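below is the structure, and that's it, no one-letter string:
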């Protein structure tokens, strides 16, 4: 249901603005709106234009914690005073962390240097000569690097006899060779060009003395020293944070509270030392809010009904029982209801669950879907998994009607015999015509229910003309019922009234639908009920609209055949699974087949259920143009900063 709202006006002196905001507007009950929209600009009131001093403080603490990898305390914001001493404390603490961070950055540079050197020199461990002696040669140039296998083969075939080229392989991989090529400095340009054509990848090794094995050992020793120093710095950081954690928590909680209050100040309209605030409060919370507000000095509170808000529409806040609440997910996906519109959530909860259960009827698979959805909801807290729990239960119940347990159609027969039944209630593959006909009757009932929802909504709005005349009005219901009865009589099916009265009601209903755009405003007492473009244009336009309405009645009803079709498809898919499993049935194939069917059918049934809700039912009674009730709640929402 949509909660009733009250418009609350608050006037007071500016020194008490923060006190009012903190006491009344941080617990999710007061949806503030820009007060300047509710008052004349000639009065001289204007919004506050201030620089926020608290959000930067919150960001500073969070940045400090992020830089050192510390977790901020997960405590609720609370009202405390944050002063200059706190800023000085944070400055001193940040300077300590900054010094440690600089030292750590320097050590990390050394760590990367050691790791890179170890990785590079490890390719040349078989080289016994000293690296410094090779690189310092006056007449010979040496280059360390990687030569691909194809380049090595070409080197051996084309340049093996060249006296000015010497390639010394040091290690080999699948891709090629790590090694050194040597050449006289007088021929270095020519040799570099040759190795470039061979796709030689030069490697810049850090300068060091000794053989590669000695160099690697030296860098490993240095790496151990550096890692030990890094560990000591990390320990110092953790200890420093732990020593000051309580103080940081206090400042952080106070800063978040102050930032939240400050974020609401721009909603107020201020003139001199006086402020004016206005917002929406659920009717059931008004007494509690006003009682708290009136305890603040110099505050005046007035409460009005929504009709006193002028052109502003109250926000929408849904309030449903816990077993219906998950289905708000679908309603919000289509659009929140207008404030004076009927909440479709209970309707969706009932109809979607029933339709899903009918299409996905299987006792075993329904139990699996229920348990899986329950587990995922507990882990992910996702509304989609939450609403699938009752759908799984409905599938289990429908499975008892079909007598299906993981696709085994006769496994539950002893249960029916024990209950005194000759067989299961519905054998799907033997009742195809009946199932499809039943699906159509379900469509008739749900289309009528959607019309009933529209009639109720229009009645609540006081639009008697819309209640009586229109495609989804009382006239529409009578016309639709008469049409259904005539079609049933034509097909030789069950009919609930004689053909002659049905024909009369149908004709009269179609005539009333043709003139509904005139009759509805006339009954509502609207002065401009006559067609603006004349009766000729009106008749031409509304004849086509009447044809569209009749086709919508037909298409919306026939669309529910998909419910019966998916019942048959579900049973057919399980027949395919058991055909693939063979005789005797391969248990692995049966299990895998059931899992595939559960995943596929659950997805398809959900999609078809949503389609039927949105296109066949919502389109008859639901607008969904409401705006969300948005009140700042410190316990549930991330605060500014």
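Alright, I've got the coordinates. Model, not experiment: these values are computed from the prediction. Numbers count the residues shown, from 1 in each chain.

how far is the strand or helix carrying residue 287 from where the chain is centred?
Following DSSP states H and E, the helix or strand that holds residue 287 is helix 286-293. When C-alpha coordinates are averaged (CA atoms, centre = their mean, to the nearest Å), helix 286-293 and its chain have centres 34 Å apart.

elements contacting it?
Secondary-structure packing of helix 286-293 (3 or more CB pairs under 8 Å, 6 or more residues apart in numbering; DSSP states H and E): strand 5-13, helix 17-24, strand 300-304. From N, CA and C alone the C-beta is placed, and that goes for glycine too.

any idea of the mean pLDDT in the next helix or strand after the last one?
By that I understand strand 300-304. For strand 300-304, the succeeding helix or strand toward the C-terminus, using DSSP H and E, is helix 328-334. What helix 328-334 shows for mean pLDDT is 85.

show the subsequent helix or strand relative to helix 328-334.
Next along the chain after helix 328-334, taking DSSP H and E as the criterion, comes helix 345-359.

what's in contact with that following helix?
The contact list for helix 345-359, computed with CB atoms under 8 Å, 6 or more residues apart in numbering, reads 1, 318, 320, 323-328, 330-331, 366, 387, 390-391, 393-398, 442, 446, 449, 453, 563, 566-567, 570, 601, 604-606, 608-610, 612-613, 617.

now do stretch 543-560
With CB under 8 Å, 6+ apart as the test, stretch 543-560 has contacts from 439-440, 442-444, 446-447, 471, 476, 479-480, 483-484, 510, 513-514, 612, 615-616, 620.

restricted to buried residues, select these in PyMOL.
The PyMOL selection below is limited to those of those classed as buried (16 or more other CB atoms under 10 Å):
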select buried, resi 439+440+442+443+444+446+447+471+476+479+480+483+484+510+513+514+612+616+620
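
from the contacts of stretch 543-560, which land in helices?
Assignment to helices by DSSP state H places the following of the contacts of stretch 543-560 there: 439-440, 442-444, 446-447, 476, 479-480, 483-484, 510, 513-514, 620.

closest to the centroid, which residue in this structure?
Residue closest to the average C-alpha location in the chain (CA atoms, centre = their mean): residue 382, at 8.2 Å.

wait, isn't it in contact with residue 376?
Yes: at 6.8 Å, residue 382 counts as touching residue 376 under the criterion of CB atoms under 8 Å.

out of all residues in the chain, which is the farthest from the middle?
The C-alpha centroid of the chain is most remote from residue 163, which lies 70.2 Å away (CA atoms, centre = their mean).

which SS state does it fall under?
Here residue 163 is coil, with the state taken from DSSP: H, G, I helix; E, B strand; the rest coil.

run through the residues that contact it.
No contacts exist for residue 163 under CB under 8 Å, 6+ apart.

related to what we said a few turns ago, using ChimeraX, define a selection of the buried residues within the contacts of helix 345-359.
A single ChimeraX command selects the buried members of the contacts of helix 345-359 (16+ other CB under 10 Å):
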select :318,320,324,325,326,327,328,330,331,366,387,390,391,393,394,395,396,397,398,442,446,453,563,566,567,570,601,604,605,606,608,609,610,612,613,617
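
buried set for stretch 275-285?
Buried, per 16+ other CB under 10 Å, within stretch 275-285: 275-282, 285.

so, low pLDDT: which residues of this structure?
Applying pLDDT under 70 to the chain picks out residues 41-42, 73, 75-76, 78-87, 309-311, 532-533, 636-641.

any chance of the buried residues of stretch 275-285 in TSV, plus secondary structure and distance to residue 427?
Listed next are the buried residues of stretch 275-285 as TSV, based on DSSP: H, G, I helix; E, B strand; the rest coil; distance: CB to CB, whole Å:
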residue	secondary structure	distance to residue 427
275	strand	73
276	strand	71
277	strand	67
278	strand	64
279	strand	60
280	strand	56
281	strand	57
282	strand	52
285	helix	55
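
go through these and say which is closest to residue 211.
When the buried residues of stretch 275-285 are compared for distance to residue 211 (CB to CB), residue 279 comes out closest, at 78.6 Å.

give the contact list for the residue nearest to that closest one when sequence neighbours are not counted.
The spatial neighbour of residue 279 that comes closest, neighbours along the chain excluded (CB to CB, 6 or more residues apart in numbering), is residue 32 at 4.0 Å. Contact partners of residue 32, counting by CB under 8 Å, 6+ apart, are 25, 264, 267, 277-279, 631.

phi, psi for residue 32 please.
phi -70, psi 150 (degrees, to the nearest 10).

measure the closest residue to residue 577 other than its chain neighbours to residue 601 for me?
In space, and not counting its chain neighbours, residue 577 is closest to residue 593: 3.2 Å by CB to CB, 6+ apart. To residue 601, residue 593 is 12 Å away according to CB to CB, to the nearest Å.

next one: residue 468
43 Å.

tabulate the contacts of residue 32 in CSV, adding columns for distance to residue 47.
What follows is these, written out as CSV (distance: CB to CB, whole Å):
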residue, distance to residue 47
25, 16
264, 12
267, 8
277, 11
278, 12
279, 14
631, 19
